[in-house]
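**Student:** can't give you the sequence, but here's the structure:
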C-alpha cells in the first residue's frame, strides 16, 4: 500500500535524510571508531551502544528513502467539507466529552497531541463531512461509536509546522 503524502512531507523527509547522511552519520561512524579503540569488544558497552546508534540511524535513512520511493503525492486543496489539516471539535457521545483533533497525513500523526491520520477510523469518518453532522466511527466489525462534529476550523494550506513522525 502506498502512503498518501504531501509535497511538504516529501521535502521534510529529504531534509531529514540529508541531515542524517551529512551530519549525523559521520559523527556516529567516528563514535564507533573511538569506542572500538577502547579494548575488548566483547565487554565494551560503549562500542555496542555506538554501533546500535549508527545502525538505528542507517535504518531510519532506509525507512525514509523507502517512504519517498513508494509515496503517492497528494495535493492540498480547500474543500467544502472537512479536509486535510483542518481542526475539528467533536463530541464523543459514548464518553460525553468534547475533543479537538487535527487531521494530517499518516507521516505527521501524533495522537498524544490530537493530530490524527486521515487513514485512522476517526479521520476516515470525518473527511468530507460538515459541521453539525453526526457520524459513525467504525473501529472494527464489532465496534463503532458516534461523534458529533461541533466546530471546524479550515486549514489555509499544507501546515509545514507539523513535524514528521519519528520512530
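**Tutor:** Done, it's in. The shown structure was predicted, so the numbers you read here are calculated from the model rather than taken from an experiment.
**Student:** just the mean pLDDT for whichever helix in the chain runs longest, thanks.
**Tutor:** Identified as the longest helix of the chain according to DSSP state H is helix 45-70. Regarding helix 45-70, the rounded mean pLDDT is 93.
**Student:** downstream of that helix, the next helix or strand is which one?
**Tutor:** strand 72-73 (DSSP states H and E).
**Student:** now what about that next one, what contacts it?
**Tutor:** For strand 72-73, the external contacting residues (Cβ atoms under 8 Å, 6 or more residues apart in numbering) are 2-7, 10. Quick note: C-beta positions are derived from backbone N, CA and C, even for glycine.
**Student:** farthest pair within those?
**Tutor:** Among the contacts of strand 72-73, the pair separated by the greatest distance (Cβ to Cβ) is 2 and 7, at 15.1 Å.
**Student:** those two: who's more crowded?
**Tutor:** Neighbour tally, residue 2 and residue 7, criterion other Cβ atoms under 10 Å: the higher count belongs to residue 7, 13 against 10.
**Student:** how does this structure divide into domains?
**Tutor:** Following automatic domain parsing, one finds the domains of the chain at 4-73, 87-153.
**Student:** quick check: end-to-end length of the last one?
**Tutor:** Counting by Cα to Cα, to the nearest Å, the length from the leading to the trailing residue of domain 87-153 is 5 Å.
**Student:** quick one: the strands in this protein, in order.
**Tutor:** Secondary structure of the chain (DSSP state E): strands at 4-5, 72-73, 87-92, 97-104, 115-117, 134-138, 144-153.
**Student:** highest mean neighbour count out of those strands?
**Tutor:** With neighbours taken as mean count of other Cβ atoms under 10 Å, the strands of the chain reach their highest mean count in strand 115-117, at a mean of 21.
**Student:** all set, thanks.
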